[in-house]
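Asker: One predicted model, sequence on top.
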Amino acid sequence: MGLDQFSEEHDEALHKMRKRVIETIGRNMDLYGISQSTGHLYGMLFFADQPMTLDQMGSEMKMSKTSMSTGIRTLLDLKMVNKVWEKGSRKDLYEVEYDWYQTFTDFFDVKWRKSVEANIMILRKSIDEMDRMLEEYAGNPELFAALQKDKMKLHEAVSYYQWLDRLIDTFESGEIFKLVPKEPPM
């Protein structure tokens, strides 16, 4: 077997392995609310040896620049990709965030914090409305009892979201890794 033949087989095996990983990443990105094609883009950047431009990514992925731009914007918003500067380059360059622990904690923080804050606000507003209704319908025992029962449920929901807010704090501060340590690299 000549050196060229070994190299070609090696390149093919490496390409096949990378493709399998990229496809798996793409399929699993729905957990992040990301399309499969954007997941493939992330996977391609994961294996890139250097930062890439949108043009380079589009050429590699056979996708339009618009699709690349939309995918990169999504990945930037989720802090899964970083925009980098390179001397001599006038085009924007992007590279993947290799710290998957940080990627997950950033994603968890961004997505869950917004949801928690919105839910707590709505629940508290509803509790205030129920307090007014409890005063208004104090003479109606059936409605009063139903309102009290619902108010208790809403307080339990607020307690849950306050707990979730504290959990998010552990992700933001890194305390989560004291509770659930990172796996050492193999």
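Answerer: Sure, I can see it.
Asker: can you list the domains in the protein?
Answerer: Per automatic domain parsing, the domain ranges recorded for the chain read 3-97, 101-179.
Asker: In the protein, where is pLDDT below threshold?
Answerer: 1-6 (pLDDT under 70).
Asker: where exactly do the strands run in it?
Answerer: With DSSP state E, the ranges of strands along the chain come out as 81-84, 93-96.
Asker: For stretch 89-109, measure first residue to last.
Answerer: For stretch 89-109, the separation between the terminal residues is 33 Å (C-alpha to C-alpha, to the nearest Å).
Asker: what residue lies at the spatial centre of this structure?
Answerer: With distances taken as C-alpha atoms, centre = their mean, Phe107 lies nearest the centre of the chain, 3.4 Å away.
Asker: Show me where this structure has its helices.
Answerer: With DSSP state H applied, the chain shows helices at 3-28, 36-47, 54-61, 65-77, 100-136, 141-173, 176-179, listed in chain order.
Asker: Save these as a markdown table, and put in distance to Lys87 too.
Answerer: For glycine as for every other residue, the C-beta is placed from the backbone atoms N, C-alpha and C. Putting the helices of the chain into a markdown table (distance: least, C-beta to C-beta, whole Å) gives the following:
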| stretch | distance to Lys87 |
| --- | --- |
| helix 3-28 | 29 |
| helix 36-47 | 21 |
| helix 54-61 | 17 |
| helix 65-77 | 21 |
| helix 100-136 | 26 |
| helix 141-173 | 33 |
| helix 176-179 | 35 |
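Asker: Need the winner for burial among those helices.
Answerer: Greatest average neighbour count among the helices of the chain goes to helix 36-47 (a mean of 21), per mean count of other C-beta atoms under 10 Å.
Asker: distance of Thr53 from Leu45?
Answerer: Thr53 sits at a distance of 11 Å from Leu45 (criterion: C-beta to C-beta, to the nearest Å).
Asker: whoops, I mixed them up, Tyr161
Answerer: Here the criterion is C-beta to C-beta. By it, Tyr161 lies 35 Å from Leu45.
Asker: Same question for Glu136.
Answerer: Taken as C-beta to C-beta, the spacing of Glu136 relative to Leu45 amounts to 59 Å.
Asker: Which of the helices of the chain sits closest to Leu93?
Answerer: The closest approach between Leu93 and any of the helices of the chain, judged by C-beta to C-beta, belongs to helix 54-61 at 8.9 Å.
Asker: Report the angle between the closest one and helix 65-77.
Answerer: Relative orientation of helix 54-61 with respect to helix 65-77: 110 degrees, computed using axes from the mean of the first three to the mean of the last three C-alpha atoms, to 10 degrees.
Asker: Show me what helix 54-61 is packed up against.
Answerer: With contacts defined as 3 or more C-beta pairs under 8 Å, 6 or more residues apart in numbering; DSSP states H and E, the secondary structure elements packing on helix 54-61 are helix 36-47, helix 65-77.
Asker: Give me the contact list for the first one.
Answerer: If I follow you right, that is helix 36-47. The contact list for helix 36-47 (C-beta atoms under 8 Å, 6 or more residues apart in numbering) reads 18, 21-30, 34, 52, 57, 60-61, 63, 67-68, 70-72, 74-75, 80-81, 94-96, 98.
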